[in-house]
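In: here is the input, now give the coordinates:
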Amino acid sequence: MRRSLRLAAAATALGLTITACGSTAPEVSADGGGLGTAENPVSIRVIANDAFAKQWQDQLVPEFNKKYPNIKVSVDGVPYNDQLPKTMLELTGPTATYDVVLGDDPWVPQLAKTGGLMDLKADVTKWTDPGYDWADFNPSPLAAGQWDGKQYAVPVRSNLLLMLYNKTLYKKAGVQEPTTETTWEQYFKDAEKLVQDTDGDGKTDAWAIGTYFTKDPLTPTIWQTVLNSNGVALLDDNLKVAFDNETGVKALQTHVDLLKYAPPGASTYQFNEPLEAFRQGRTATMFMWGSVYKGSAVDKASTTLTPEEVGVTTLPAGSAGPGAHRGVWSAGIAKKSQHPAAAWTWLQWVTSKEGEKFTGSAFGTFPARNSSLDGTPPAEWAAPVYKALKDGYTVVDKNKMWRPRLPESDAVQQILALQTSRAMSGQATSEQAIDQAAKDVTELLKSKGYQQ
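Out: All right, here's what the predicted structure looks like:
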């Protein structure tokens with residue numbers, strides 16, 4: 001914990017001093033460090049999240065080396081809470097420990113502001129494969145790696161907040177399965193029936209919902225999705241708070257009201273708890289990142305359910321359409337890398353049509369390319385998931401369903417997490433929590449010079 005706090009403090013200090021002018025990269029050879037030879041291979045290092053770093057090292061790297069045997073790739077896993085501050089320190093340091101860095105969806109502007117990332121559509125064009133096909137990327141996941149008009153990263157693990165549902169529990173409750181047309185009003189009517197006694201012993205043993213409820217930066221994404229599905233953004237085009245209104249209060253209250261239909265103790269749910277409840281057949285729906293589908297419906301080691309039992313669709317619809325929320329891991333190249341050619345070759349392969357096919361089959365990772373989404377899925381279970389993903393990408397683009405695209409995004413989410421927690425625990429009404437969140441976010445943005 002102390003280590004995390006030290007890293008966070010360092011990142012905060014950096015955030016106060018780093019300007020968009022960036023850092024100066026050392027001289028690199030004309031061939032970008034080359035792609036190596038059998039006698040003299042090239043080594044690159046990647047900093048990734050520890051949730052999937054070992055998978056990459058054990059399976060993805062060997063697959064890449066079948067085509068590029070002379071590029072040796074080391075993937076280092078870092079806990080989620082440490083990754084942003086450690087990457088910020090990395091990009092602002094005097095030398096490059098890592099050639100490739102990964103960032104969660106809201107981190108890209110903050111990482112790009114350091115000046116330590118290459119523009120992948122300008123700085124590495126001499127090493128870009130003619131068949132890479134930028135136009136094949138779906139605009140939604142590709143946009144996660146953009147900031148200030150430049151492409152600093154490309155999507156390596158696309159993801160959306162979606163609704164997974166247990167068809168067996170829906171059938172037992174006599175409730176029609178949800179679709180993209182299901183509204184929040186209908187969802188709550190169904191939720192009353194989905195809290196049920198499935199074995200007839202007189203005790204409730206299945207509930208309607210599991211999702212994020214406790215204090216966590218990802219918890220507000222639930223009510224943010226409700227807000228966006230009603231056509232309202234967190235911030236307007238002038239970066240002023242736009243959620244301090246009746247729609248914002250109603251969105252947060254919708255999230256709070258879900259607790260009525262959740263298992264006992266759900267107020268402490270973060271990421272793992274709703275997963276476990278759903279996989280054990282104790283909740284009929286789960287609002288969660290769609291990448292958990294394979295582990296929830298396919299992998300026998302982690303779930304009691306089968307693909308035939310698990311459906312997936314967007315979150316319930318508001319006045320502007322269905323809900324979803326973008327959560328894309330993107331990867332970029334450090335300017336200080338002495339091997340940008342090898343780093344870009346690795347990154348191109350991972351995000352190529354070939355790379356997406358492998359990761360989709362081996363890991364259940366979601367594709368970012370339209371050709372992958374429209375092509376033959378790597379497994380039968382993936383077909384309905386890809387459809388839900390396409391539906392989600394569409395509504396995400398339409399209603400701007402993502403966290404704020406500015407370097408202070410993480411700080412905004414921390415404010416929202418605190419106030420969401422107050423509403424969930426009953427320490428404040430939804431109106432009070434929204435009012436305080438609006439004041440705190442406004443003060444933060446003013447202190448950063450966004451508002452006069």
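
In: so where's the stretch 51-200 of the chain uncertain?
Out: Residue ranges of the stretch 51-200 of the chain with pLDDT under 70: none are present.

In: the closest residue to Thr114 other than its chain neighbours and Pro85, how far apart?
Out: In space, and not counting its chain neighbours, Thr114 is closest to Leu91: 4.4 Å by Cβ to Cβ, 6 or more residues apart in numbering. All C-beta spots, glycine's among them, are computed from the backbone N, C-alpha and C. As judged by Cβ to Cβ, to the nearest Å, Leu91 and Pro85 stand 11 Å apart.

In: same check on Asp136?
Out: 34 Å.

In: strands along this structure, start to end?
Out: 42-49, 71-78, 100-103, 146-147, 150-151, 154-157, 160-166, 207-210, 283-289, 310-313, 315-318, 321-323, 325-326, 329-333 (DSSP state E).

In: so what's the residue nearest the centre of the chain up against?
Out: Centroid check for the chain by Cα atoms, centre = their mean gives Gly327 as the closest residue, at 2.1 Å. When contacts are counted by Cβ atoms under 8 Å, 6 or more residues apart in numbering, Gly327 touches Asp104, Asp105, Asn159, Leu160, Leu161, Thr221, Trp289.

In: per-residue confidence for it?
Out: At Gly327, the predicted lDDT confidence score is 96.

In: between the two ends of stretch 170-184, what distance do you get?
Out: Using Cα to Cα, to the nearest Å, the end-to-end distance of stretch 170-184 comes to 16 Å.

In: can you list contacts of that stretch?
Out: 163, 165, 167, 187, 190, 193-194, 196, 198, 206, 226, 254, 284-285, 311, 313-314, 316-318, 322, 391.

In: need the contact list for Ala122.
Out: Shown in contact with Ala122 (Cβ under 8 Å, 6+ apart): Lys150.

In: so what's the backbone phi/psi at it?
Out: The phi and psi values for Ala122, taken as degrees, to the nearest 10, are phi -140, psi -40.

In: more neighbours: which of Asp136 and Pro85?
Out: Neighbour totals were compared for Asp136 and Pro85, and Pro85 leads with 24 against 16 (other Cβ atoms under 10 Å).

In: how much space between the nearest residue in space to Lys67 that is not next to it in sequence and Ile71?
Out: Leaving aside its sequence neighbours, Lys67 sits nearest to Trp349 (Cβ to Cβ, 6+ apart; 6.8 Å). Separation of Trp349 from Ile71 (Cβ to Cβ): 9 Å.

In: next: Met401.
Out: Distance, Met401 to Ile71, by Cβ to Cβ: 37 Å.

In: more neighbours: the two, which one.
Out: A count of neighbours by other Cβ under 10 Å puts Met401 above the other of Met401 and Ile71, at 26 against 23.

In: so for that one, what's the pLDDT?
Out: Reading off the model, Met401 has pLDDT 96.

In: show me what contacts it?
Out: Counting by Cβ under 8 Å, 6+ apart, Met401 makes contact with Gln224, Thr225, Asn228, Ser229, Gly323, Ala324, His325, Arg326, Val395.

In: mind running it again at 6 Å?
Out: Asn228, Ala324, His325 (Cβ atoms under 6 Å, 6 or more residues apart in numbering).

In: before we move on, the earlier item: of all the strands of the chain, which one comes closest to Pro217?
Out: For the strands of the chain, the distance to Pro217 is smallest for strand 325-326, at 12.7 Å, taking Cβ to Cβ.

In: excluding chain neighbours, what is closest to Ala266?
Out: Counting by Cβ to Cβ, 6+ apart, the residue nearest Ala266 is Phe213, at 5.6 Å.

In: separation between the one you found and Gly449?
Out: Phe213 is 35 Å from Gly449, by Cβ to Cβ.

In: what of Leu162?
Out: 36 Å.

In: please apply the same query to Lys398.
Out: Lys398 is 30 Å from Gly449, where distance means Cβ to Cβ.

In: the more surrounded of these two?
Out: Per other Cβ under 10 Å, whichever of Lys398 and Gly449 has more neighbours is Lys398, with 15 against 7.

In: look up which residues are beta-bridged to the closest residue to the more buried one other than its chain neighbours.
Out: Spatial nearest neighbour of Lys398, excluding adjacent residues (Cβ to Cβ, 6+ apart): Gly321 at 6.6 Å. Beta-bridge pairing of Gly321 under DSSP bridges involves Gly318.
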